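[1] No letters, just coordinates:
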């Protein structure tokens, strides 16, 4: 699965996905239930630890994604028009760790516009392919927060 984690150059077009996220959708559309669960475990295991510089802020209300049932704190940094996301998610929440790992792998290091170009149906398509529609609301909220970070960075 290492191909899904490779960074592509360029900017996604309006309403399109970065190539990494397109590959993830395609991958999960081909996998059976057992293979899907195995792939999710692999993504969860690749979830990056929260950098120490954010650790003290992880409990802050301003960074929490309240719509998600799992406690998630989301952070971002912008450098030269590209964005990187970081998150604090409990180890006992492997599904959310996997899904956030997918989003971060597809969006980190990409232009701000790529985050904003993610189509509204992306989470629904991903959840349908993964078979975890019960997690859709929380993941929609996380992606919405990511888009908000990108919008605020563009406006700054």
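    Nice, I can see it. Just so we're clear, the structure is a prediction, and the values are computed from it rather than from any experiment. Residues are numbered from 1 along each chain as shown.
[2] Could you pull up the contacting residues of residue 77?
    For residue 77, the contact set (C-beta atoms under 8 Å, 6 or more residues apart in numbering) comprises 83-84, 86. C-beta coordinates here come from the backbone N, C-alpha and C atoms, glycine included.
[3] Helices along the protein, start to end?
    19-30, 33-45, 52-55, 94-107, 112-116, 122-130, 136-155 (DSSP state H).
[4] now the angle from the last one to helix 94-107?
    Translated: helix 136-155. 30 degrees (axes from the mean of the first three to the mean of the last three C-alpha atoms, to 10 degrees).
[5] how about helix 136-155: buried residues?
    136, 138-143, 145-147, 149-150, 153 (16 or more other C-beta atoms under 10 Å).
[6] Over to the third one?
    Neighbour-count burial for helix 52-55 flags residue 54 (criterion: 16+ other C-beta under 10 Å).
[7] since we're on residue 56, how many residues are nearby?
    8 (other C-beta atoms under 10 Å).
[8] Which residue lies nearest the spatial centre of the chain?
    Among the residues of the chain, residue 103 comes closest to the average C-alpha position under C-alpha atoms, centre = their mean, at 2.2 Å.
[9] Next up, the contacts around that residue.
    Taking C-beta under 8 Å, 6+ apart, one finds 21, 85, 142-143, 146 in contact with residue 103.
[10] before we move on, the earlier item: can you turn the buried part of the contacts of residue 77 into a PyMOL selection?
    A single PyMOL command is used to select the members of the contacts of residue 77 judged buried by 16+ other C-beta under 10 Å:
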select buried, resi 83+84+86
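[11] one step back: roughly how far apart are the residue nearest to the centre of the chain and residue 52?
    22 Å (C-beta to C-beta, to the nearest Å).
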